[in-house]
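Enquirer: here's my sequence, what's the structure:
(one chain, ligands or ions: 1)
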Amino acid sequence: MKKDIFYPKQFVVSLILVFTMVFFAQMAHAADAIIVVRDAFAKATPKGARTAAIYMNIKNNGAEPDRLTSITTELADKAQIHTMTMQGDVMQMRALPGDLIIPPHSSVSLSPMASHIMLIGLKQPLIAGGNFTLVLHFAKCGEMDINVIVKPIAASENMNEDTQNHLPQ
Ligand SMILES: [Cu+2]
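Expert: Below you'll find the predicted structure:
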């Protein structure tokens, strides 16, 4: 006896509907990446160093500003946003008073000789070739885990390899 596999029309229609919804949900999620962090890196530290600087590019794809309110990592007691200013001939860095604002539809670059995230009370040296997790806390976008790669001390600022996108959870 011949056995036909029978799919009721309604079932097929709802199946297509479900696939369509999943597809668009994923598209929406990709477009949802309001804050995108790229090229997060630190320079290797000499043995015994208590501080380390981290650089990255933070892009805001949203229509409203967001603020980087704090940074945490298991590798250091604390992390601050530092800005660099010239005092005569001497470059000085100081902690940013308040949050780092990421304006809408633009990006903020933390790069050598500009701003950086400073780890204070480093618990272990950063070794070239390694990587570690940094947690960025944004006012709107929430918490974001960033993978920071460690480059040799002489690493230049113009490195575009190791690009990564981090989507908000
Ligand atoms: Cu600093």
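Enquirer: okay, and the helix or strand of this protein with the least pLDDT?
Expert: Comparing every helix and strand of the chain by mean pLDDT, DSSP states H and E singles out helix 9-31 as the least confident one, with a mean of 69.
Enquirer: residues of stretch 99-117 that come out buried?
Expert: By neighbour count with 16 or more other CB atoms under 10 Å, stretch 99-117 contains the buried residues Leu100, Ile102, Val108, Leu110, Ser115, His116, Ile117. Where C-beta positions appear, they are placed from N, C-alpha and C, glycine not excepted.
Enquirer: per-residue pLDDT, the first one?
Expert: It stands for Leu100. In the prediction, the pLDDT value recorded for Leu100 is 97.
Enquirer: repeat for the last one
Expert: On the pLDDT scale, Ile117 is placed at 97.
Enquirer: that one and the ion, how far apart?
Expert: Ile117 is 8 Å from the ion, where distance means CB to the ion, to the nearest Å.
Enquirer: secondary structure element for that residue, which one?
Expert: Secondary structure here is read from DSSP states H and E; on that basis Ile117 sits in strand 116-122.
Enquirer: which strands border that strand, and is each parallel or antiparallel?
Expert: Strand pairing for strand 116-122, using DSSP bridges, gives strand 51-60 (antiparallel), strand 76-87 (antiparallel).
Enquirer: so which of the ones you listed has the densest surroundings on average?
Expert: The highest average neighbour count among the strands paired with strand 116-122, using mean count of other CB atoms under 10 Å, belongs to strand 51-60 at a mean of 20.
Enquirer: residue numbers of the protein in contact with the ion?
Expert: Residues of the chain lying close to the ion (CB under 5 Å from the ion) are His82, Met93, Met118.
Enquirer: what about 8 Å?
Expert: Thr51, Ala53, Gln80, His82, Met84, Met93, Ala95, His116, Met118 (CB under 8 Å from the ion).
Enquirer: do I have it right that the second one meets His116?
Expert: Yes: taking CB atoms under 8 Å as the definition, Ala53 is a contact partner of His116 at 4.3 Å.
Enquirer: CA atoms only for the helix or strand Phe132 falls within, dumped as CSV, please.
Expert: Assigning secondary structure by DSSP H and E places Phe132 in strand 131-138. Taking Å, rounded to 0.1, in the frame of the first residue of the first chain, the C-alpha atoms of strand 131-138 are listed here in CSV:
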residue,chain,number,x,y,z
ASN,A,131,44.8,38.0,25.2
PHE,A,132,42.4,38.8,28.0
THR,A,133,38.9,39.9,28.7
LEU,A,134,37.9,43.4,29.5
VAL,A,135,34.3,44.3,30.5
LEU,A,136,33.0,47.6,29.2
HIS,A,137,29.9,49.0,31.0
PHE,A,138,27.8,51.3,28.8
